[in-house]
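Engineer: What follows is a predicted structure for the sequence shown.
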Amino acid sequence: MSLHDDVRILSGVRLFQGFSPEQLRLLAFGSEKLRVTRHHEICREGAAADAAYVVAAGQAGLYRERGGERAWVGTAGPGMLLGEVALIAPTHWLTSAAAMSDVTLMRLDRMHFRRILEEYPELAVLLHKRISSELQTMIRRIEELSPRFAG
């Protein structure tokens, strides 16, 4: 993949909408490209997460292990970001992910991402607003569903 391809892929990631082409180039330039074969584990539930992954090509399956069995919880295809919280703060993987096909990933390191936010503080403000809004939306949805689960 070329730098141009990387920027194009990153521009389609929801978290990075509003980043300028130059900011996306910096993000792409600092990313590590990984190629993963089918069935290869990308991340393990509970392990420390110090980076996020953008799926550039292919399909990854997300799962949780329960009683030695995989419970599939979703899939991630091109343009999807795995582990976005890891870009901002120390955290652990909430699910495991494995390649369902050959997968090309862009690994985005937290320290590099933080340097970009320091250089462009307006991005930090943008992300704060976006994450706060998404969190409020999630809380509203939980509140709407809570009567269904009340005892």
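Structural biologist: Cool, got the structure. This is a predicted model, so every value here is computed, not measured.

Engineer: For the protein, which element, helix or strand, carries the lowest mean pLDDT?
Structural biologist: helix 121-149 (a mean of 84; mean pLDDT, DSSP states H and E).

Engineer: Report the buried residues of that helix.
Structural biologist: 123, 126-127 (16 or more other Cβ atoms under 10 Å). Where C-beta positions appear, they are placed from N, C-alpha and C, glycine not excepted.

Engineer: what number of residues lie near V103?
Structural biologist: Neighbours of V103 under the rule other Cβ atoms under 10 Å: 25.

Engineer: give me every residue that touches the closest residue in space to it that isn't next to it in sequence.
Structural biologist: Closest residue to V103 apart from its sequence neighbours, by Cβ to Cβ, 6 or more residues apart in numbering: G58 at 3.4 Å. Taking Cβ atoms under 8 Å, 6 or more residues apart in numbering, we find G58 in contact with 36, 77-78, 99-104.

Engineer: let's go with 10 Å and repeat that
Structural biologist: G58 makes contacts with 35-38, 76-78, 99-105, as judged by Cβ atoms under 10 Å, 6 or more residues apart in numbering.

Engineer: about what we covered before: as CSV, the buried residues of helix 121-149 with distance to R14 would be great.
Structural biologist: Below are these laid out as CSV (distance: Cβ to Cβ, whole Å):
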residue, distance to R14
L123, 14
L126, 12
L127, 11
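
Engineer: closest to S2 among the residues you listed?
Structural biologist: L123 (23.7 Å; Cβ to Cβ).

Engineer: what helix or strand does the closest residue in space to that closest one that isn't next to it in sequence sit in?
Structural biologist: Using Cβ to Cβ, 6+ apart and skipping residues adjacent in sequence, the residue nearest L123 is L117, 5.5 Å away. If you go by DSSP states H and E, L117 is part of helix 110-119.

Engineer: Could you list every helix and strand in contact with that helix?
Structural biologist: helix 21-29, strand 51-57, helix 121-149 (3 or more Cβ pairs under 10 Å, 6 or more residues apart in numbering; DSSP states H and E).
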